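**Q** Sequence and predicted structure are below.
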Amino acid sequence: MHIPDAFLPISHGIIYWLVALVFIALSLRWARSELDEDRVPLVAVLAAGIFAIQAMNIPIPWGTSGHMVGGALAAIVLGSPYAAVFILTIVLLVQGFLFADGGITAMGANIVNMGVIGGFVGYYSYKGVRGAIGRPVPAYFIAGWISLFAGAIVCALEMAAAGTFPLELGLVSMGTYHAVIGLIEGAITTVAIALITMVRPDIVSEKRGVAA
Amino acid sequence: MMDKKTFFIAGILVAIAIAAMAPFLASSNPDGLESAFFGMYGAKEIHGAELDEDVAVVAEEAVVEKTGNTFTFEALMPDYTVPGLDKEGEILAIVLGTILVLFIGLGFSRILAKSK
């Protein structure tokens, strides 16, 4: 889902960068007020793990592949959508500047799609689904799926606004591929949170994590 | 329950293990966005598996023309490769990236956690 520079006019890139900067500033405020020394290693390990898993492209049908993004994972584990913005911004900076994975002028759009949309949609769909069904496990999966799918739909809208993709065909093809890639996101989000909860039940706690 | 230090070290080891395995397991198929792009620019059927490499090159030129964004950037390890190295370069690139993200994450969050 990483948009390369060529896919967005520079003027659009600047607008998405400005939106991204607002959320980055809010995520820094979140980090200042909510992070303590205890959770610093957790944030760093989540960021490193998300970077590594994003390099693992899993084949899906139609000669295509997709990878985990991790916005829902970061937001659920750390109990705030801003955690996803914070972590995904670090991941995308390193990917863009060191590995040319995602553009530089397009990086703001990528931070919006994966960090902001991924984090907010992931976090609030988790809270909603968990509240409705009362159990966490299906909620992890659903939050992962929706967060990835929503990011792809927003990406298709950005591509349409840029004139890069026609609107309808863009929505259909991005939607089709990412409906499947969302299953990867849902599955890995569920497994990762289950593992973290197994070894450290205090981390994803109701009090610190999500007050569902 | 795992203590904090063990959890931290286990987490790092899991991340590095994923990073080291990624080059062997990762698919080189275009990702969802690229696949949608190639589909719309005639290099691939939306539901087809075949990519026409020649049309793909034309598509990449066509989109630059459309957006006017000719910005280019010389990344140190483009597409997770180390110039001159093969598979071991990919492992090196992703493992280095993982460790770098770990330290940036530690650095930034430590500074912010302290600045109350």
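**A** Happy to help now that I have it. It should be emphasised that the depicted structure is a prediction, and the values quoted were computed from it without experimental measurement. Numbers count the residues shown, from 1 in each chain, chains lettered A, B, ... in the order given.
**Q** Nearest residue to residue A:17 in space, please, no chain neighbours.
**A** residue A:108 (3.0 Å; C-beta to C-beta, 6 or more residues apart in numbering or on different chains). (Each C-beta comes from the backbone N, C-alpha and C, glycine too.)
**Q** next one: residue B:113
**A** residue A:35 (4.2 Å).
**Q** burial count for that neighbour?
**A** By the criterion of other C-beta atoms under 10 Å in any protein chain shown, residue A:35 has 24 neighbours.
**Q** and it, what is it in contact with?
**A** Contact analysis of residue A:35 by C-beta atoms under 8 Å, 6 or more residues apart in numbering or on different chains lists A:43, B:109, B:112-113.
**Q** same check, this time on residue A:10
**A** By C-beta under 8 Å, 6+ apart, the neighbours of residue A:10 are A:105, B:68-69, B:71.
**Q** hey, where'd the strands end up in chain B?
**A** Using DSSP state E, no strands are assigned anywhere in chain B.
**Q** That one: helices as residue ranges?
**A** Using DSSP state H, the helices of chain B run over B:4-25, B:32-40, B:53-67, B:87-114.
**Q** Indicate which one of these is closest to residue A:184.
**A** helix B:32-40 (10.7 Å; C-beta to C-beta).
**Q** most centrally placed residue in chain A?
**A** Nearest to the geometric centre of chain A sits residue A:71, at 2.6 Å (C-alpha atoms, centre = their mean).
**Q** Look up how far chain B lies from the closest residue to it other than its chain neighbours.
**A** Nearest non-adjacent residue to residue A:71, counting by C-beta to C-beta, 6+ apart: residue A:118, 2.1 Å away. Distance from residue A:118 to chain B, counting by C-beta to the nearest C-beta, to the nearest Å: 14 Å.
**Q** Would you confirm that residue A:118 contacts residue A:68?
**A** No - contact criterion C-beta atoms under 8 Å: residue A:118 and residue A:68 do not qualify, at 10.4 Å.
**Q** More neighbours: those two, which one.
**A** More neighbours surround residue A:118 than the other of residue A:118 and residue A:68, with 33 against 26 (other C-beta under 10 Å).
**Q** what's near enough to touch the more buried one?
**A** Residue A:118 touches A:69-72, A:75, A:84, A:88, A:147-148, A:150-151, counting by C-beta under 8 Å, 6+ apart.
**Q** Run through the neighbouring helices and strands of the longest helix seen in chain A.
**A** Longest helix of chain A, by residue count under DSSP H: helix A:167-199. Applying 3 or more C-beta pairs under 8 Å, 6 or more residues apart in numbering or on different chains; DSSP states H and E, we find helix A:167-199 packed against strand A:58-60, strand A:64-66, helix A:71-78, helix A:136-162, helix B:32-40.
**Q** I'd like the mean pLDDT over the second one, please.
**A** Read that as strand A:64-66. Strand A:64-66 shows an average pLDDT of 97 in the prediction.
**Q** and if you look at the first one?
**A** Confidence over strand A:58-60 (mean pLDDT, whole number) is 97.
**Q** One more: the longest one?
**A** Per-region confidence: helix A:136-162 scores 97 on mean pLDDT.
**Q** returning to what we had before: any idea which of the helices of chain B is most buried?
**A** Burial of the helices of chain B is given as mean neighbour count (mean count of other C-beta atoms under 10 Å in any protein chain shown); helix B:32-40 ranks first at a mean of 26.
**Q** Thank you, goodbye.
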